[in-house]
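**Q** structure of the sequence below:
(one chain, ligands or ions: 1)
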Amino acid sequence: MTITRVAIIGLGLLGGSIGLAVKARGLDIATTGFDRDPDVRKRAGERGLVDTVCDSAAEAVANADLVILCVPVGAMGAAARELAPGLAPHAIVSDVGSSKAAVAEALAAALPGACIIPAHPVAGTEQSGPEAGFATLFAGRWCIITPPEDCDPAALAALSGFWTALGSKVELMDAAHHDLVLAVTSHIPHLIAYTIVGTASDLEDVTQSEVIKYSAGGFRDFTRIAASDPVMWRDVFLTNRGAVLEMLGRFSEDLTALQRAIRSGDGDTLFDLFTRTRAIRRQVIEQGQDDERPDFGRDH
Ligand code: NAP
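**A** Got it, this is the predicted structure:
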């Protein structure tokens, strides 16, 4: 099947970036879009995030071959129910949500009988809203597709082809495994950043102005992650509860072991761990997932 019309529901960072990438890569695809916020719809029109901004979800999806839900994961079910009256029978319904098992369940309940293939482009920034999107967000990044067992192979090939055309590398994965992997690589790191920034701002014997003044010591890099959208991240933790709690248990045990090493002056344990983690950083750079320049390639 060929995708020539794509509808994007939610015109923030992810939705806007998809629309801009389709345009920038000159794909032969017409895009429509809808966002529940009228100010976002207005800005999306001004920035040209999609070819046509519509006034309802049902209008946006009419005749679309592919519908991509780009709303917070907790809003997926409601957004899907809203678009249902306009959905074409042949349409593929997908999404970009950061957790997958819960979203698959919400979409299946909202759109019984529809061809639903959830996906998660592992690409983003701490920015959100209609100003945040940019055309190269997905270039060289992974898009994980989590097809259901009875997925139509032609529809899966069409969705994979769409993400490849946006510059992504596609990987297929079971939804539960996706949720476990992302709990470690994304969700727990965000939780740690939220915790450390929260703890620092609650301290009594170190003032907040000192925390900010000396933030270049490491704290600053956590503040970038901890500035991520509160609605999006609240929903991620509520919908990926099981995997996050499982990984958090493991993390707490490792933290306790480090605490013990520090208390007992066990330098070898600390040195061995820090040597292993430095090698992981090297692999992240070698695989093109970050910049090798010091300080995350910032200009000074
Ligand atoms: P965003 O910039 O906040 O955009 C989401 C937009 O969807 C907002 O304008 C929001 O409007 C709108 N919306 C909410 N409910 C809606 C509904 N029922 N119908 C239509 N529009 C609705 O968020 P984002 O960063 O693009 O994230 C979107 C999705 O991508 C999330 O599921 C997230 O987990 C996933 N994701 C994010 C990243 C990242 O780094 N940000 C990376 C990968 C995947 P309101 O503001 O009025 O709610």
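**Q** can we go C-alpha only for contacts and neighbour counts from here?
**A** Will do.
**Q** tell me the SS of the residue of the stretch 201-300 of the chain found nearest the ligand?
**A** Nearest to the ligand, among the residues of the stretch 201-300 of the chain, is Met232, at 5.5 Å (Cα to the nearest ligand atom). Classification of Met232 using DSSP: H, G, I helix; E, B strand; the rest coil returns helix.
**Q** pull up the gap between the spatially closest residue to it that is not a sequence neighbour and His120, please.
**A** Nearest residue to Met232 in three dimensions, chain neighbours excluded: Pro72, at 5.1 Å (Cα to Cα, 6 or more residues apart in numbering). As judged by Cα to Cα, to the nearest Å, Pro72 and His120 stand 12 Å apart.
**Q** hey, what's in contact with both of the two?
**A** By the contact definition Cα atoms under 8 Å, 6 or more residues apart in numbering, Pro72 and His120 are jointly contacted by Gly97.
**Q** count of neighbours near Asp254?
**A** 12 (other Cα atoms under 10 Å).
**Q** mind listing residues that contact the longest helix along the chain?
**A** Ranked by residue count and defined by DSSP state H, the top helix of the chain is helix 241-263. For helix 241-263, contacts defined as Cα under 8 Å, 6+ apart pick out 179-180, 183-184, 187-188, 237, 267, 269-270.
**Q** only C-alpha atoms, please: export that helix in CSV.
**A** The C-alpha coordinates for helix 241-263 follow below in CSV (Å, rounded to 0.1, in the frame of the first residue of the first chain):
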residue,chain,number,x,y,z
ARG,A,241,4.4,1.9,35.8
GLY,A,242,5.4,-1.8,35.9
ALA,A,243,8.6,-1.6,33.9
VAL,A,244,9.7,1.7,35.6
LEU,A,245,9.1,0.2,39.1
GLU,A,246,11.0,-3.0,38.1
MET,A,247,14.0,-1.0,36.9
LEU,A,248,13.8,1.4,39.8
GLY,A,249,14.2,-1.6,42.2
ARG,A,250,17.3,-2.6,40.4
PHE,A,251,18.7,1.0,40.4
SER,A,252,18.0,1.4,44.1
GLU,A,253,20.0,-1.8,44.8
ASP,A,254,23.0,-0.5,42.7
LEU,A,255,22.8,2.9,44.4
THR,A,256,22.9,1.2,47.9
ALA,A,257,26.0,-0.8,46.8
LEU,A,258,27.7,2.5,45.7
GLN,A,259,26.7,4.1,49.0
ARG,A,260,28.4,1.1,50.8
ALA,A,261,31.5,1.5,48.7
ILE,A,262,31.8,5.2,49.5
ARG,A,263,31.2,4.6,53.2
